[in-house]
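**Student:** the sequence and its predicted three-dimensional model are supplied below.
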Amino acid sequence: MQFFYLVIMKKVFLLLIVFIISHIFYAQKLIENGIDPVSGILVKHTSWEKFTQGGDFNSYFRISQVDSSYFFDIRIILAERKAFEIKAGQTLILTLSNGEMVTLTNFKTTESCQGCGAVALAGSQVPGVQVSYSLNKQQLAKLRYNILLTKEEYDRHKKKIIEHIKLDISSATIEHNLSEFSFLQIRRAIRLVINRQ
């Protein structure tokens, strides 16, 4: 009887681990997907996901759609934890491993404020900023991974991972190398928005 109990507990434990791991790696979801009751336009937002950690800044990102326009939204806290601003026209550059660059432009000057870069309690007491960079369809196509690719097409496309981010703020330019996980998170978020029209 005790042996039977141990076997069942082992299976339950393994299922629990599989569930937790899948939740950690595929936790992204569409948290808003509908028509705004006031404006009557389509609004979509993915969940906020960790983008960079350490180095000059910590950040979270999400992909948004408002009507037929797409945005790369980012929340940023500088490592120095000081006030800053990102001016209209300043850029965020994503560099792919093949050397190709995707340059996103901020369309509105935004000053940091206490807690504005935070997603949860961490960072809620320090200056941060939330900025939206517009994404056109060509940029979306460069960043998006198409799940319908053949193995050969995927192997060629896989070489175009996002390796590096360069961000202009009012006082400096900050750079950060990205992990493959960050790059995959961007592609998953784009798929969530585009595939759920």
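**Tutor:** Okay, I see it. In this text the structure is predicted, and so the values were computed from the model without any measurement. Residues are numbered from 1 along each chain as shown.

**Student:** check which helix or strand the residue nearest in space to the middle of the chain maps to.
**Tutor:** In the chain, the centroid-proximal residue (CA atoms, centre = their mean) is residue 61; its distance is 3.5 Å. Following DSSP states H and E, one finds residue 61 within strand 57-66.

**Student:** by contact count, what packs against that strand?
**Tutor:** Contact here means 3 or more CB pairs under 8 Å, 6 or more residues apart in numbering; DSSP states H and E; on that basis strand 57-66 packs against strand 42-46, strand 49-52, strand 69-78, helix 180-194. C-betas here are computed from N, CA, C, even on glycine.

**Student:** how far does it sit from the chain's center?
**Tutor:** Computed by CA atoms, centre = their mean, to the nearest Å, the chain-centroid distance of strand 57-66 equals 5 Å.

**Student:** in that strand, what's buried?
**Tutor:** For strand 57-66, a neighbour-count test (16 or more other CB atoms under 10 Å) marks 57-65 as buried.

**Student:** quick one, strands of this structure?
**Tutor:** Per DSSP state E, the chain carries strands over the ranges 30-35, 42-46, 49-52, 57-66, 69-78, 85-86, 91-96, 101-106, 110-111, 113-114, 127-135, 162-168, 173-177.

**Student:** what sits up against the last one?
**Tutor:** Going back to what we said before, that points to strand 173-177. 52, 55-57, 78, 163-167 (CB atoms under 8 Å, 6 or more residues apart in numbering).

**Student:** over to stretch 60-73?
**Tutor:** Taking CB under 8 Å, 6+ apart as the rule, stretch 60-73 contacts 41-51, 74-75, 92, 104, 117, 119, 130-137, 140, 185-186, 189-190, 192-193.
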